[in-house]
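Enquirer: sharing a sequence plus its predicted fold:
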Amino acid sequence: MSLLVTSFGAGLDQWPFLWEYVLPVALRDTAAVLTGVAVITAALGASLAWLVSAYDFPGRRFFEWGLMLPLAMPTYVVAFAYLDLLHPVGPLQSAIRDMAGIADPRDLRLPDVRSMAGCIALLSAVLYPYVYLTTLAMFRMQAGSLYEAARMLDTSRRRLFTRLALPLARPAIAAGTALAVLEALNDVGATEFLGVRTLTVTVYSTWINRSDLPGAAQLSLAMLAVVVAIVGLESWSRRRRRFAGDAKHNTPFARHALRGVRGWTAAALASVPLIIGFGAPAAHLAYQAAIRVDEFGLSPLLLDAATTTLTISAIATGITVAAALVVSYAARLGSLMSQAASLGYAVPGTVLAVGILPIVSFADRSLDQLMQATLGIASPIFLLATTTALLYAYPARFLAVAAGSIDAGFSRVSRSLDDAARTLGDGVWLRLWRLHVPLLRPAVAAGAMLVFVDTIKELPATLLLRPVGVETLATLLYGEAARGTYEDGAMAALLIVICGLGPVVLLARSGRDWIARASDRGGTISATERSG
Amino acid sequence: MFRPSNGAYRSVAVLALAAAVIVSPTTAAQSAINLYTTREPGLVQPLLDSFSKTTGIKVNSIFLRDGLAERVAAEGQRSPADVLMTVDIAVLIDLVEKGLTQPLSSPVMEGAIPSNLRGAKGEWFALSLRARVFYTQPSLNLTAMTYEQLADPKWAKKLCTRPGQHPYNNALIAHYIARHGEARAEAWLQGLKQALARPAAGGDRDGARDIVGGICDVAIGNSYYVGLMRSGSGGADQKKWGDSVKVILPTFEGGGTHVNISGAAIARHAPNRAAAQRLLEYLVTDEAQRLYAEANFEFPVKTGAAVHPLIKALGPLTVDRTPIAEIARHRITASRLVDKVGLDR
């Protein structure tokens, strides 16, 4: 809303210029990045989710949660790491030259990671877990129907995937892909570092170099419109379908065991995205961090920053998930609020933060006036002097992440259950609490995890809205990167990754326990039993 | 983006508020000032520590990048900011033009800083200088170059640089406009675009690494990165990059080298104006100017102050005579030219 107000602060003078010189290329490159990321993350995320849900192979239990690990990697860190690794003077090309007996790097030029292809590949490698996670949660919730269908149709796993699982998973895949695409759209660190100029970069140069914040806000709104159109088109295309199956059978279905070579092939396939999106950059970070710690010691600032990061992220996640539950539930009840509330994710972080500033400023002045009127004292500046502004910014930014996952979950819950609860006299909110929250647990957990990890990694809004004296791991890392010594930030980057790992493992476990408990109860859980 | 709409919601908000208070830092003590800086705090910390030691005034700093002006403006009259510090002239002048600074009349500042490196009424002050130089492939044995020559076809596909929209390049292009006018600047940028060996991306140090990696022969970079790399403070790899390039201090034809500044101003609503003034005056003492040179390998703004040996070894610096505020005036044109020519794509 604030962006809208800001956008009126100037005329439309910039548009002819942008239209002639900037937009054609920026639009083309943006479309290329988004399409590439959408296709790769959807295909990769969905097939990996199916692989660990439908088959058993060596290391499956590890891969089930391990495949989520790239989530912990900020895109800009991955971009930095891969330029190090793949540069002509980096370890890989040096080794290749050594083997080939070439001394001068000029004699062997390999493709540069600073390119469109490199950008799409790296973004996809860290963003596919959005699809993987939402789809996996869906397969878990819907396992019963799939199991039954498989038994009844006596069909092959492959056909089950293409004919039944894939169509059923569509809301989840769509939600996950939308998140990945939006993340790619609002990314500026990695994209710009790799030399790709999306619309977001144009928003920045309009604002920063041409001091035209209203113009930048107009551009952001135009981008938003495109995003809304894409998301709207997707949900319109499945408007006539209801995806909710029978809620009764939440039995995990028996996985098909892949033995011998086939099993190991599956494990190898699953490890490729894991290594690219997590293993290689994490190993590089650990190595760099070890060198720095060895040479310069460990900064005490890091521990403070880690504590701050975890505390703020945990609180922000709680707020975001609660808000998302309400918003998604409202959407189920027919409100359009959900679409509107989710837009924050599509806006570049700094632009969103700048949009939030006037709101915070207004609230702060009102607070001051209230204090003066009631207590007769002038209050010092409050919201920007505490982390309150951040606790407003994070939910505003990441609501879509939680809502996407929870929406997908809601779509799996049959409306007949709502009707049943209503006949039992449960009110609107009681139904949410007693019926949906327990049923939605995997989806809520998935959403919470995504938000938590996103919050830990969040940089632009944190940088602008944090109070004096508060550093998170991301701002600490950025400080190092700003003076060009991002390797010195390796330890901070590693801590971001480690902090992000905790929830990944925890939630993967809790999700599994939940299914295990459900099976212990005799193989089925009925919705009424869960809600009561 | 969402509105609290029921009781459960409100309790979450209350909880958040309580948590915010817990997480928030302790309020500033009496003898403390707040510094808002776009300069990485690690680089100014030695200076701030030394200031606190001499004066007993504590400095709380917050590192910001984009949106410094918006943040201070949003905080309004009750902003805790005392001193605003930036690493680019255009950003600093932008703060002045937005009315976020206040003039300071100080004989100490006026005595230490040449008049072209501070605002006429003391609305801003340069504190250190950095030259925009060329890193070159040593085997080419280049000794002198002009900025204009970089557009020569002989450099086709041999140049590496960070984005044209980055403030450091923006200021260089604005300087070119100030000297030669918009049309010639556009032609020059066309030449630069032809010269690019890879997309204009990354940082200045990437240029040095890319020369070592055989991707390009010449790269545009700030002078202090040479010191940061060659001193080994960025690690062994970077030392190798720094040592493997030859640095040239380019000039404009018939002029001198382009320099940008790091500078500071007193915030419009500074709650501790007197202490803020003391900090600024401290930053131009011989001691602080020496630390500037040592901590970040910059050129001191005060004539006669020491330069780090690694930077001194680059040769004598002749700063171009174009007034630095004049350069800042062309930054919007420069930004539009970069987009028009398509340097960054």
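Expert: Structure received.
Enquirer: just checking, residue B:172 touches residue B:134?
Expert: No - using CB atoms under 8 Å, residue B:172 makes no contact with residue B:134, being 11.3 Å away. Bear in mind the C-beta positions are built from the backbone N, C-alpha and C, glycine included.
Enquirer: give the residues shared as contacts by the two.
Expert: Common contact partners of residue B:172 and residue B:134 (CB atoms under 8 Å, 6 or more residues apart in numbering or on different chains): residue B:220.
Enquirer: for residue B:316, helix, strand, or coil?
Expert: coil (DSSP: H, G, I helix; E, B strand; the rest coil).
Enquirer: burial count for the residue nearest to it when sequence neighbours are not counted?
Expert: Nearest non-adjacent residue to residue B:316, counting by CB to CB, 6 or more residues apart in numbering or on different chains: residue B:249, 7.9 Å away. Using other CB atoms under 10 Å in any protein chain shown, residue B:249 has 19 other residues around it.
Enquirer: residue B:249 and chain A: what is the separation?
Expert: 20 Å (CB to the nearest CB, to the nearest Å).
Enquirer: doesn't residue A:215 make contact with residue A:14?
Expert: Yes - in this structure residue A:14 lies within contact range of residue A:215 using CB under 8 Å: 4.5 Å.
Enquirer: higher neighbour count, these two?
Expert: Neighbour count, other CB under 10 Å: between residue A:14 and residue A:215, residue A:215 has more, with 25 against 19.
Enquirer: which helix or which strand is home to that one?
Expert: helix A:213-237 (DSSP states H and E).
Enquirer: likewise residue B:253?
Expert: Assigned by DSSP H and E, residue B:253 falls outside every helix and strand.
Enquirer: hang on, it packs against residue B:144?
Expert: No - the pair residue B:253 / residue B:144 is not scored as a contact, 11.6 Å apart, by CB under 8 Å.
Enquirer: counting by contacts, list what the helix holding residue A:215 packs against.
Expert: helix A:2-7, helix A:14-17, helix A:170-186, helix A:199-204, helix A:337-341, helix A:349-374 (3 or more CB pairs under 8 Å, 6 or more residues apart in numbering or on different chains; DSSP states H and E).
Enquirer: turn these into CSV, including distance to chain B.
Expert: Formatted as CSV, those follow (distance: least, CB to the nearest CB, whole Å):
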stretch, distance to chain B
helix A:2-7, 10
helix A:14-17, 7
helix A:170-186, 14
helix A:199-204, 7
helix A:337-341, 5
helix A:349-374, 4
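Enquirer: of the ones you listed, flag the one that's most buried.
Expert: helix A:170-186 (a mean of 26; mean count of other CB atoms under 10 Å in any protein chain shown).
Enquirer: kindly export it (C-alpha atoms) in CSV.
Expert: Output of helix A:170-186 as CSV, limited to C-alpha atoms (Å, rounded to 0.1, in the frame of the first residue of the first chain):
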residue,chain,number,x,y,z
ARG,A,170,-0.4,-29.8,-8.7
PRO,A,171,-1.5,-27.3,-6.0
ALA,A,172,1.6,-28.1,-4.0
ILE,A,173,4.0,-28.0,-7.0
ALA,A,174,2.4,-24.7,-8.1
ALA,A,175,2.8,-23.2,-4.7
GLY,A,176,6.4,-24.3,-4.4
THR,A,177,7.3,-23.2,-7.9
ALA,A,178,5.6,-19.8,-7.3
LEU,A,179,7.8,-19.3,-4.2
ALA,A,180,10.9,-20.3,-6.1
VAL,A,181,10.1,-18.0,-9.0
LEU,A,182,9.3,-15.1,-6.7
GLU,A,183,12.5,-15.6,-4.8
ALA,A,184,14.4,-15.6,-8.1
LEU,A,185,12.5,-12.4,-9.1
ASN,A,186,13.3,-10.5,-5.9
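Enquirer: avg pLDDT for it?
Expert: What helix A:170-186 shows for mean pLDDT is 86.
Enquirer: which helices and strands does that helix pack with?
Expert: helix A:23-54, helix A:116-141, helix A:199-204, helix A:213-237, helix A:388-412.
Enquirer: weakest of these in terms of mean pLDDT?
Expert: helix A:213-237 (a mean of 76).
Enquirer: what about stretch A:385-405 and chain B, any contact?
Expert: Yes - using CB under 8 Å from any CB of the partner chain, stretch A:385-405 reaches chain B at A:385-388, A:391, A:395-396, A:399.
Enquirer: swap in stretch A:19-27?
Expert: Yes - residues of stretch A:19-27 are located near chain B by CB under 8 Å from any CB, namely A:21-22, A:25-26.
Enquirer: what sits against the residue of chain A found nearest chain B?
Expert: For chain A and chain B, the shortest gap (CB to the nearest CB) falls at residue A:195, measuring 2.6 Å. Counting by CB under 8 Å, 6+ apart, residue A:195 makes contact with A:114-115, A:119, B:198-202, B:344.
Enquirer: spatially nearest residue to it (excluding sequence neighbours)?
Expert: Residue A:195's closest residue in space is residue B:199 (CB to CB, 6+ apart), at 2.6 Å.
Enquirer: before we move on, back to that, list the helices and strands the next helix or strand after the helix holding residue A:215 packs on?
Expert: Note on helix A:213-237: by DSSP H and E, the next helix or strand toward the C-terminus is strand A:256-257. With contacts defined as 3+ CB pairs under 8 Å, 6+ apart, the packing partners of strand A:256-257 are strand A:55-56.
Enquirer: ok, the strand it packs on: who's next to it in the sheet?
Expert: Each strand that pairs with strand A:55-56, with its direction, by DSSP bridges: strand A:256-257 (parallel).
Enquirer: pull the residues that contact the helix or strand that the strand it pairs with is followed by.
Expert: Once the chain leaves strand A:256-257, the next helix or strand it forms, by DSSP H and E, is helix A:260-274. Contacts with helix A:260-274, where a contact means CB under 8 Å, 6+ apart, come from A:44, A:48, A:51-52, A:55-60, A:63, A:66-67, A:69-70, A:125, A:128, A:257-258, A:279.
Enquirer: which pLDDT value belongs to the residue of chain B found nearest chain A?
Expert: Taking CB to the nearest CB, chain A has its nearest neighbour within chain B at residue B:199, 2.6 Å off. Predicted confidence (pLDDT) for residue B:199: 93.
Enquirer: looks like it contacts residue B:343 (just checking).
Expert: No - judged on CB under 8 Å, residue B:199 makes no contact with residue B:343 at a distance of 9.8 Å.
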